[in-house]
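> No sequence on hand, only this structure:
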């Protein structure tokens, strides 16, 4: 898929054609925001902006796309010509990636001629929504893991290949150490992790033979998967091999009673003097289990976090909308019950108290007077206003925000945050 | 992304290199199956096979991929050469797309040399898992909608662009009439639907002007979105315009008390003789709400189904695994608690009673004697054994299966189905 022009809903294009036919081509502003946080999210992490900017570059209509649209029999030639020439040349304002954000805060605001910005709706929501969902889920594991290593093992159960790749990006921003996903490793320079699956152990005539073979192939990365048959037996086998000089840097437990097994395995390893051998736990891991294990003092050094995080299974979507807030300088509001919107382009002003985030105010853009201003102009007439931050810089941005996060928002229990709309 | 070789987890490649180093290159069989259905799924719909076969063709390693792998410093030159020459040349057995399937049934079984089939694990799970998740969610709406039209409106909140595109394919297989997603329309020939968003209504000086403008632009597709300001007022406005000869084929309600609004809107339209004007409902629609509205007799003709279906929010993942079941003709089983596997390549035999599906038996492949055999060979030495069915044929396959589905499995409440493993 070279051009992304068809990555949109049909109605964006029917609206755009009708706008053009009726002279509705004035300056419009659309705002992307989350109306209400899910019950189990105290804050969100803004994520996906760089990916959106790349996609905007590719949001074009070539021959193949135009041929398809013509075949639908709904679009007029003047409109297909408009699409052929389309490239986004407007302004884009955004809260940078890696910021802690809340309900009703404009993550992205796009300004341009009405048809030009209308047809971006589906693309903008799709890209920012997904990475924000994943970063906001992943950061919860980061906050409860107390510095323990977190690795994304979710690729296989992500909603498609692309989802797996961008989820790896989002969780790296959220503080994970890396991913098992090689394409994400290549594309974003994220550290990659991985050793063996149960099939590997099962193919050899014995578990011991499998461990030996793996250590021989990868002496610097010898992590033994110890739960294929009997976990404690395998831990004792690990000790035996280590005593013979077989290299081992860690053991992985992927099933069973982790609370109990991790302690017993640790004891077996420690009693043999293998204090430096790390215990890695995977299989059904999420922030709730991590909190439980960490708070009860389980001797776990690293977590492989997979399915539950990569599908954000307790909140797989956000109530995120892309709404018209201004047209030809005039305010636009929708009054549907539960879906009311606030007019005009906006700035988010953040106020701190004792070094911690106290509250945010969402004010009309030109009227920001006090507080830290979160929204920045990213595109002017379609062109970047400044170099985008690297992934490492985005990680640092988030770490700094997390340090200023009040204690009540850091936990897994619901806590509220005041966003004042002026 | 031309080559998909890096769409895998690092450990698939570390295992493969070690297999080659230790002569573990015998004939292996891996089986893809779901261990246990989610609480709110009575059956699954097999989906994604064609997409997997396309991806297998592209699962190659070119210069860029090999350069990245070399940079990791873990892989030996002989192994990078193996990857450079890699193309899948083994056998693939599968239950065709659009079949009703259950726990422990092998959806895909892949046979080839151990390294050759091991490294496909992540790709195979990712692709089949996602489309099976979505088709299995979408079919629930289809079963409770009682013939009413269902359209996928979910693209914007899918987990990425690719997820939106393949979800449109999966829900079309599950009986949806079409999608708003243009790329899915182009790629798969799925019918596309769509009219206008609230922004369109808000840009005009009045709702009436907006309705007139849209009907002028699209006289054959004039569906009015009536909930931007006051839904009943907008319904009366629709009547007024229709009386003036403005074309209108439907109205869409996207918020508010649908139960009440749909009845009142229907009454307003009917009293004006507009019996043929259809009522379309969108916004937070899922199978539970459809069932509620249909069973209470709400006069709704079509549903736009979005976020909840496209994220499969009540079951965003399945306990799906790709497990080694046979190596060099010998059975392979894992004995981890709760994760036990059954050895050998398998056939699924389906038994009917009174025209309805009664139970399934999962038997060792060559030992199938009775019942309908669901598993077919799809690839022989990497080559298709027969032409794949069209999307329309897959839809028909599923419709036929749904007609043979016992009543208890058709509903939204949990019901069990007997799968006997022999």
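Right, received. Where do you want to start? As the structure is a prediction and not an experimental result, all values here were calculated from the model.
> what distance separates the helix or strand bottoming out on mean pLDDT in chain A from the centre of its chain?
In chain A, no helix or strand scores lower on mean pLDDT, DSSP states H and E than strand A:330-331, which sits at a mean of 90. Relative to the centre of its chain, strand A:330-331 is centred 33 Å away, using Cα atoms, centre = their mean, to the nearest Å.
> hey, where'd the helices end up in the stretch 101-250 of chain A?
Taking DSSP state H, counting those that start in this stretch as the criterion, the stretch 101-250 of chain A contains helices spanning A:114-118, A:121-144, A:161-173, A:182-188, A:198-203, A:207-217, A:231-243.
> JSON lines for the ones you listed, including mean neighbour count, mean pLDDT and distance to residue B:117?
Any C-beta I mention is one placed from the backbone N, CA and C, and that applies to glycine too. Compiled in JSON lines, those are given as follows (neighbours: other Cβ atoms under 10 Å in any protein chain shown; pLDDT from 0 to 100; distance: least, Cβ to Cβ, whole Å):
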{"stretch": "helix A:114-118", "mean neighbour count": "24", "mean pLDDT": "98", "distance to residue B:117": "48"}
{"stretch": "helix A:121-144", "mean neighbour count": "26", "mean pLDDT": "98", "distance to residue B:117": "30"}
{"stretch": "helix A:161-173", "mean neighbour count": "28", "mean pLDDT": "98", "distance to residue B:117": "19"}
{"stretch": "helix A:182-188", "mean neighbour count": "23", "mean pLDDT": "98", "distance to residue B:117": "18"}
{"stretch": "helix A:198-203", "mean neighbour count": "24", "mean pLDDT": "94", "distance to residue B:117": "9"}
{"stretch": "helix A:207-217", "mean neighbour count": "20", "mean pLDDT": "97", "distance to residue B:117": "18"}
{"stretch": "helix A:231-243", "mean neighbour count": "19", "mean pLDDT": "98", "distance to residue B:117": "25"}
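> Where does pLDDT dip in chain A?
In the predicted model, chain A carries pLDDT under 70 at residues A:334-341.
> That one - how does it break down into domains?
A:10-134+A:315-421, A:146-310 (automatic domain parsing).
> Can you name the next helix or strand after the least confident helix or strand of chain A?
The helix or strand immediately downstream of strand A:330-331 is strand A:346-353, counting by DSSP states H and E.
> neighbouring contacts of that next one?
Strand A:346-353 is contacted from outside by A:31, A:95, A:101, A:105-106, A:109, A:325, A:357-365, A:367-375, A:404, using Cβ atoms under 8 Å, 6 or more residues apart in numbering or on different chains.
> What about residue A:354, how many residues nearby?
7 (other Cβ atoms under 10 Å in any protein chain shown).
> so who does the residue in the stretch 151-300 of chain A that chain B sits nearest to touch?
Nearest residue of the stretch 151-300 of chain A to chain B: residue A:194, at 3.2 Å (Cβ to the nearest Cβ). Residues in contact with residue A:194 (Cβ under 8 Å, 6+ apart) are A:180, B:9-12, B:14.
> hmm, back to that, as a markdown table, the helices of the stretch 101-250 of chain A with distance to chain B would be great.
Output for those, formatted as a markdown table (distance: least, Cβ to the nearest Cβ, whole Å):
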| stretch | distance to chain B |
| --- | --- |
| helix A:114-118 | 6 |
| helix A:121-144 | 4 |
| helix A:161-173 | 4 |
| helix A:182-188 | 4 |
| helix A:198-203 | 4 |
| helix A:207-217 | 4 |
| helix A:231-243 | 8 |
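> Which stretch among the ones you listed approaches residue A:44 most closely?
helix A:121-144 (4.4 Å; Cβ to Cβ).
> now the closest one and helix B:161-173, what's the angle there?
For helix A:121-144 against helix B:161-173, the angle by axes from the mean of the first three to the mean of the last three Cα atoms, to 10 degrees is 110 degrees.
> Can you say which of the contacts of strand A:346-353 are buried?
A:31, A:95, A:101, A:105-106, A:109, A:325, A:357, A:360-363, A:365, A:368, A:371, A:374-375 (16 or more other Cβ atoms under 10 Å in any protein chain shown).
> Run through who's touching the least confident helix or strand of chain A.
Here strand A:330-331 makes contact (Cβ under 8 Å, 6+ apart) with A:325, A:343-344.
> now with 10 Å?
A:26, A:325, A:341-344, A:364, B:203 (Cβ atoms under 10 Å, 6 or more residues apart in numbering or on different chains).
> now stretch A:269-276
A:235-236, A:238-240, A:242-243, A:248-251, A:266, A:268, A:277-279, A:299.
> need the contacts of strand A:330-331 in TSV with distance to residue A:157, can you?
What follows is the contacts of strand A:330-331, written out as TSV (distance: Cβ to Cβ, whole Å):
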residue	distance to residue A:157
A:26	46
A:325	37
A:341	35
A:342	38
A:343	41
A:344	42
A:364	43
B:203	42
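> Count residues in the vicinity of residue A:275, would you?
By the measure other Cβ under 10 Å, the count of residues near residue A:275 is 9.
> same question, residue A:205
With neighbours defined by other Cβ under 10 Å, the count for residue A:205 comes to 7.
> I'd like the distance between it and residue A:168.
Note on residue A:205: its distance to residue A:168, by Cβ to Cβ, to the nearest Å, is 36 Å.
> Pull the contacting residues for residue A:148.
A:141-142, A:177, A:280-281, A:290, A:293-294, A:300-303.
> correction: residue A:180
When contacts are counted by Cβ under 10 Å, 6+ apart, residue A:180 touches A:151-156, A:164, A:168, A:192-195, A:282, A:304, A:306, B:8-12, B:122.
> again, only using 8 Å
The contact partners of residue A:180, taken as Cβ under 8 Å, 6+ apart, are A:151-153, A:155, A:192-194, A:304, B:9-11.
> Ok, residue A:234 next?
Contacts of residue A:234 by Cβ under 8 Å, 6+ apart are A:207, A:224, A:226-228, A:251.
> Show me where the stretch 251-400 of chain A has its helices.
Under DSSP H, counting those that start in this stretch, the stretch 251-400 of chain A gives helices at A:258-271, A:287-295, A:307-310, A:391-403.
> any chance of those in CSV, with mean neighbour count and distance to residue A:45 too?
Below are the helices of the stretch 251-400 of chain A laid out as CSV (neighbours: other Cβ atoms under 10 Å in any protein chain shown; distance: least, Cβ to Cβ, whole Å):
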stretch, mean neighbour count, distance to residue A:45
helix A:258-271, 18, 27
helix A:287-295, 18, 14
helix A:307-310, 25, 13
helix A:391-403, 16, 6
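> which stretch among those comes nearest residue A:417?
helix A:391-403 (12.7 Å).
> Please name every helix or strand in contact with the closest one.
Contacts defined by 3 or more Cβ pairs under 8 Å, 6 or more residues apart in numbering or on different chains; DSSP states H and E place helix A:391-403 against strand A:100-101, helix A:121-144, helix A:161-173.
> quick one: contacts of that helix?
A:45, A:96-100, A:139, A:142-143, A:169, A:172-175, A:188-190, A:357, A:389, A:410.
> mind redoing it with 7 Å?
A:45, A:96-100, A:143, A:172-175, A:188-189, A:389 (Cβ atoms under 7 Å, 6 or more residues apart in numbering or on different chains).
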